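Peer 1: fold the following for me, if possible:
(2 chains)
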Amino acid sequence: DARVTQTPRHKVTEMGQEVTMRCQPILGHNTVFWYRQTMMQGLELLAYFRNRAPLDDSGMPKDRFSAEMPDATLATLKIQPSEPRDSAVYFCASGYLNGDTQYFGPGTRLTVL
Amino acid sequence: GNSVTQMEGPVTLSEEAFLTINCTYTATGYPSLFWYVQYPGEGLQLLLKATKADDKGSNKGFEATYRKETTSFHLEKGSVQVSDSAVYFCALSDRNRDDKIIFGKGTRLHILP
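Peer 2: Numbering: from 1, shown residues only, chains lettered A, B, ... in the order given. Alright, predicted model coming up:
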């Protein structure tokens, strides 16, 4: 049963520190999405990739967030420097090009003190 | 642009009650429609989908019918269980535009034993 995996599952850090979250999409999927979920804002799309190329990162604060796919099996989301308002659950999802279903990972719960 | 509106929660029902969660959409094209479910501590997972008008999606006793004339995709279940307690997201995608899925804000469902 193929699944999207995310590491770490939980991260507590102090303001100003760099945070890196990793995602392994389902093998063969060629679209990858990063979302952020908070109680106040709900589910927000931060960035998405098609065939490893970034297509839309308009949802990300550009000055501190960056998203990359160094290869087809790894997507990363970095925050530098982190701030308390970045505390949220970050989800990665993957899918097939021209498919319409996204498969979500279990999320990384980030707490910035 | 495309958007999804779903009823606000929380919705609290007794076990074996009938469930309806309303969802309406706005789209310029011919979107696919989805219901995703998020159980506590987990990522979203696809519950059901419909890809064209009058299609009915169904899974685990849940049903939703794609109504183009009323731009709606209401989720129903005849007899809910405690294990159905979760957050339910209505969503749409338009593959003619891009790979993104537009999610509603989610409806939290509590089922009392």
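
Peer 1: just the strands in chain A please.
Peer 2: A:5-7, A:10-13, A:19-24, A:31-38, A:42-50, A:53-56, A:65-71, A:74-79, A:88-95, A:103-104, A:108-112 (DSSP state E).

Peer 1: include distance to B:E63, mean pLDDT and mean neighbour count when you put these into a markdown table, please.
Peer 2: C-beta coordinates here come from the backbone N, C-alpha and C atoms, glycine included. Compiled in a markdown table, the strands of chain A are given as follows (distance: least, C-beta to C-beta, whole Å; pLDDT from 0 to 100; neighbours: other C-beta atoms under 10 Å in any protein chain shown):
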| stretch | distance to B:E63 | mean pLDDT | mean neighbour count |
| --- | --- | --- | --- |
| strand A:5-7 | 31 | 97 | 16 |
| strand A:10-13 | 36 | 97 | 14 |
| strand A:19-24 | 32 | 98 | 19 |
| strand A:31-38 | 26 | 95 | 23 |
| strand A:42-50 | 24 | 92 | 19 |
| strand A:53-56 | 33 | 90 | 14 |
| strand A:65-71 | 37 | 95 | 15 |
| strand A:74-79 | 34 | 97 | 19 |
| strand A:88-95 | 24 | 96 | 24 |
| strand A:103-104 | 22 | 94 | 22 |
| strand A:108-112 | 33 | 98 | 19 |
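
Peer 1: now for those, which one comes closest to chain B?
Peer 2: Evaluated with C-beta to the nearest C-beta, the strands of chain A place strand A:103-104 nearest to chain B, the distance being 3.3 Å.

Peer 1: how far away from the center of its chain is the closest one?
Peer 2: Computed by C-alpha atoms, centre = their mean, to the nearest Å, the chain-centroid distance of strand A:103-104 equals 11 Å.

Peer 1: which residues does the residue nearest the centre of chain A form a beta bridge with?
Peer 2: For chain A, A:W34 is the residue whose C-alpha lies nearest the centre (C-alpha atoms, centre = their mean; 3.4 Å). On the basis of DSSP bridges, A:W34 is bridged to A:A47, A:C92.

Peer 1: give the contact list for it.
Peer 2: Contacts for A:W34 (C-beta atoms under 8 Å, 6 or more residues apart in numbering or on different chains) come out as A:C23, A:L45, A:L46, A:A47, A:Y48, A:A67, A:A75, A:L77, A:Y90, A:F91, A:C92.

Peer 1: please redo it, this time with the cut-off set to 7 Å
Peer 2: Residues counted as contacts of A:W34 (C-beta atoms under 7 Å, 6 or more residues apart in numbering or on different chains) are A:L46, A:A47, A:A67, A:L77, A:Y90, A:C92.

Peer 1: how near is it to B:S72?
Peer 2: Plainly put, A:W34 is 30 Å away from B:S72 if you go by C-beta to C-beta, to the nearest Å.

Peer 1: before we move on, what about B:F62?
Peer 2: 15 Å.
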